[in-house]
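**Student:** what follows is a predicted protein model with its sequence.
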Amino acid sequence: MPVLNERDYLERAVATVLAQRIDEPLELILALGPSTDGTTELAHHLAQLDSRVRIVENPAADIPIGLNLAITAGRYPTVVRVDAHSELQEGYAMRALATLDRVRAANVGGVMRADGRTPFQRAVARAYNSPIGLGGGAYHGGTQEGEAESAYLGVMRRSVLEEVGLFDETIRRGEDWELNLRIRRAGYRVWFDPSLSVTYWPRESWVQLARQFTATGRWRGELVRRFGRGNSLRFFAPPLLVISLLVAMIVAVLQATSVIAGWWSLAASIIYLPALVYTIMIIVVSIGPGGGKGWRDKLWTAAVLPTMHLSWGYGFLVGMLRGAHDTVDTSRLGTRNTPLP
C-alpha cells in the first residue's frame, strides 16, 4: 500500500485489509511517503498495534517506486496491491486467490466502486461508476468475467512480476496499465472478476479533480508516445473532444468577424455538431437516474463530467506533443505525487 498524506482514510483502509480471512499467512507493507498531515505517526501506530503491518520508507513518494519497495520487501508468493484511499470488501482476498488459481491468471482485479462523503465527492463517484464518465473500462462497472486489458489494483503472482520486471519507475501515472501490458505480452492472462469489489474515495474538490485528470491525461499521452497501438481507442475520445471544441471556437470567431460567410460559413457550422451532441449527452445523463436524486446532485454531475473529460483530454494532448517528463498529480499535496489511481 503506497501511502502519502492519507490521515483521514488510512486507518479504515488498513482495517479492511487486516480483516481479510485467508488460509495463508498475510502481511501488509506500507510504502510510506514523507507526509505532513499526521499520516506518518498514524502508520507507525498501526504497525505497533498489529505485527502483520510493516513499513518501508518511500522518500521519493512516487507510486511505482513505493510499490516496488513494498513488493521487494514482501515474503510471500502472491502480491495484493491495495491503496490507502480504498477499502476492500469482505472476502476480497479469498475470492481473488481462488480466481487466480481457477483461471490460471497472472493478475486478477475486480470492480472499482467509487463512493463519496460529500455532495461533490458523490458526484465524482457517480461519474466514475458511469461508462460515460471514464470510458467504459471493465473495472468501472463491468459485469462479464473474462480476460482484460488491465486490472484495478490487482492480485498478482510474484514470480510473474519478477519475470517481467516489476513496475516501471519512470511512469508516474498509468504504471498499472503498463505493467499489465508487459504481463500480457509475456503470454500471461490478466483477468477481470466482477465478484471482486473495492470501494474508492475520489477527490474532494473541483480543483483537485481537474489537477488529477490533467496529470493522468498527460501520462496517457506519454504512454501513447511510448506504446502506440497498445493503447485502447477509448483513450482518444477526450482529446478529440478538446480538439473539436477548439476548432469550433475558432470557426465561431471567424464567423463573427465575417472572415468566412455565406455558404462557406454554413458548411463550417458542421464543426458545432460534436459539441452539440456532447452537451445533449451530458444533460441527458445528468437529469437521468445516473445524475443523482435532487437538482443539486444533477448540477454537480453536469459540472463534474466535463471537468473530467476536458482536463484529461487537455493533458493527453500536452503529453502527446511534449511528453509527461516529471509531471505529477498535485491534487493532494503541493508538487508531490499521490498513491492513488
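**Tutor:** Structure received. Numbers count the residues shown, from 1 in each chain.
**Student:** from here on, contacts and neighbour counts on C-alpha atoms
**Tutor:** Noted.
**Student:** for this protein, just list every one of the helices.
**Tutor:** Shown for the chain, the helices assigned by DSSP state H span residues 10-18, 39-49, 63-73, 92-102, 119-129, 131-134, 158-164, 175-185, 206-227, 237-256, 262-268, 272-287, 295-322.
**Student:** just confirm Arg157 contacts Val79, I think it does.
**Tutor:** Yes - Arg157 lies in contact with Val79 (Cα atoms under 8 Å); the separation is 6.2 Å.
**Student:** re earlier: mean pLDDT lowest where, among the helices of the chain?
**Tutor:** The stretch with the lowest mean pLDDT among these is helix 131-134, at a mean of 82.
**Student:** list the buried residues in that helix.
**Tutor:** Within helix 131-134, the residues scored as buried using 16 or more other Cα atoms under 10 Å are Ile132, Gly133, Leu134.
**Student:** what do you get for stretch 214-232?
**Tutor:** So for stretch 214-232, counting by 16+ other Cα under 10 Å, buried means 214-225, 231.
**Student:** just the CA trace of that stretch, in CSV.
**Tutor:** Provided in CSV are the C-alpha atoms of stretch 214-232 (Å, rounded to 0.1, in the frame of the first residue of the first chain):
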residue,chain,number,x,y,z
THR,A,214,-4.8,16.7,-16.2
ALA,A,215,-1.9,14.8,-14.8
THR,A,216,-3.4,11.4,-15.6
GLY,A,217,-4.2,12.5,-19.2
ARG,A,218,-0.7,13.8,-19.7
TRP,A,219,0.7,10.5,-18.7
ARG,A,220,-1.7,8.7,-21.0
GLY,A,221,-0.4,10.9,-23.8
GLU,A,222,3.2,9.8,-22.8
LEU,A,223,2.1,6.1,-22.9
VAL,A,224,0.7,6.6,-26.4
ARG,A,225,4.0,8.1,-27.4
ARG,A,226,5.8,5.0,-26.0
PHE,A,227,3.4,2.2,-26.9
GLY,A,228,1.2,3.4,-29.8
ARG,A,229,-1.3,0.8,-30.7
GLY,A,230,-1.1,-0.9,-27.4
ASN,A,231,-3.5,1.8,-26.2
SER,A,232,-7.3,1.3,-26.4
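**Student:** and it, how far from the chain's centre?
**Tutor:** Counting by Cα atoms, centre = their mean, to the nearest Å, stretch 214-232 is centred 13 Å from the centre of its parent chain.
**Student:** now do stretch 62-73
**Tutor:** On Cα atoms, centre = their mean, the centre of stretch 62-73 falls 18 Å from the chain's centre.
**Student:** any buried residues in it, and which?
**Tutor:** Applying a neighbour-count criterion of 16+ other Cα under 10 Å, the buried positions in stretch 62-73 are Asp62, Ile63, Pro64, Ile65, Gly66, Leu67, Asn68, Leu69, Ala70, Ile71.
**Student:** residues in contact with stretch 21-29?
**Tutor:** With Cα atoms under 8 Å, 6 or more residues apart in numbering as the test, stretch 21-29 has contacts from 1, 17-18, 52-56, 70, 73-74, 91, 93-94.
**Student:** that stretch spans what distance, first to last residue?
**Tutor:** End-to-end distance for stretch 21-29: 17 Å, by Cα to Cα, to the nearest Å.
**Student:** tell me how far that stretch lies from the chain's centre.
**Tutor:** Put simply, stretch 21-29 sits 26 Å off its chain's centre (Cα atoms, centre = their mean).
**Student:** repeat that for stretch 9-28.
**Tutor:** The chain centroid and the centroid of stretch 9-28 are separated by 22 Å under Cα atoms, centre = their mean.
**Student:** how about the contacts of stretch 21-29, which pair is most distant?
**Tutor:** Greatest spatial distance among those (Cα to Cα): Val56 and Gly91, at 26.3 Å.
**Student:** turn the buried residues of stretch 62-73 into JSON lines, columns for distance to Leu321.
**Tutor:** Formatted as JSON lines, the buried residues of stretch 62-73 follow (distance: Cα to Cα, whole Å):
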{"residue": "Asp62", "distance to Leu321": "24"}
{"residue": "Ile63", "distance to Leu321": "24"}
{"residue": "Pro64", "distance to Leu321": "24"}
{"residue": "Ile65", "distance to Leu321": "26"}
{"residue": "Gly66", "distance to Leu321": "29"}
{"residue": "Leu67", "distance to Leu321": "29"}
{"residue": "Asn68", "distance to Leu321": "29"}
{"residue": "Leu69", "distance to Leu321": "32"}
{"residue": "Ala70", "distance to Leu321": "34"}
{"residue": "Ile71", "distance to Leu321": "34"}
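**Student:** closest one of those to Leu179?
**Tutor:** Proximity of these to Leu179 (Cα to Cα) peaks at Pro64, which lies at 10.2 Å.
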